[in-house]
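Undergrad: Just the structure for this:
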Amino acid sequence: MHQTLTQLSLHDGARIVDICGEIDIASADALGERLDQAADGADFIIVSLAECPYIDSSGLRVLVRLSNELGEAFAVVVPPATQTRRIFDITGLAHQMGVFDSVDDALAFKPAALRRST
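TA: This is a model prediction of the structure:
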C-alpha cells in the first residue's frame, strides 16, 4: 500500500496543497478531508498535482466536489504531458474546472475580487 502525502503552503494570498503520490480509492477519503481543512476559510486554494503520477475516479470525485463548492476560488495544477493531465483531458475535466499548467499560471488567474480580499 502506498501513502499519498500533502504539503500546505501559502503564496500570494493563496493556500497551495501539493499532493505527492497516487490518488486512488485507498487515499481519496483522507485526501478529501485534508483538502476540506485546507479550504476552510481560504480565499483561494490551489491543488497541485505536479507530483501525482496517477489519479482514479475516486480522486477526481474529490476534486470535482471541491471545485463545485468553491467555484472560481479553486484551481488545480496538472502539468502538460503527464499521465494525470491525460486523465483530466480524457474525462473533460480540464475544461470543466480551473486546470492550469503551473502554480504561477493558477496564481495569475486568481479572480480580481479575490485579489482585493488578500
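
Undergrad: my read: Leu10 touches Val17, true?
TA: No - Leu10 lies out of contact with Val17 (CB atoms under 8 Å); the separation is 10.8 Å. For glycine as for every other residue, the C-beta is placed from the backbone atoms N, C-alpha and C.

Undergrad: With neighbour numbers in mind, choose between these two.
TA: Taking neighbours as other CB atoms under 10 Å, Leu10 and Val17 compare with Val17 leading, 22 against 10.

Undergrad: Thought Phe100 was touching Pro80, still the case?
TA: No - with contact defined as CB under 8 Å, Pro80 does not count as touching Phe100 (10.1 Å).

Undergrad: Between those two, which is the more surrounded one?
TA: Using other CB under 10 Å, the more surrounded residue of Pro80 and Phe100 is Phe100, with 19 against 10.

Undergrad: thought Phe74 was touching Leu66?
TA: Yes - judged on CB under 8 Å, Phe74 makes contact with Leu66 at a distance of 5.8 Å.

Undergrad: shared neighbours of these two, which are they?
TA: Ala39, Ile45, Val47 (CB atoms under 8 Å, 6 or more residues apart in numbering).

Undergrad: how about stretch 38-52: buried residues?
TA: Across stretch 38-52, burial judged by 16 or more other CB atoms under 10 Å covers Ala38, Ala39, Ala42, Asp43, Phe44, Ile45, Ile46, Val47, Ser48, Leu49, Cys52.

Undergrad: Same question for stretch 103-113.
TA: Buried residues in stretch 103-113 (16+ other CB under 10 Å): Val103, Ala106, Leu107, Lys110.

Undergrad: between these, which is closest to Asp89?
TA: Ala106 (17.4 Å; CB to CB).

Undergrad: Report the secondary structure element holding the closest one.
TA: Using DSSP states H and E, Ala106 sits in helix 103-109.

Undergrad: Residues touching that helix, excluding its own?
TA: So helix 103-109 is contacted by His11, Asp12, Ala14, Ile16, Ile46, Ser48, Ala50, Ala75, Val76, Val77, Gly98, Phe100 (CB under 8 Å, 6+ apart).
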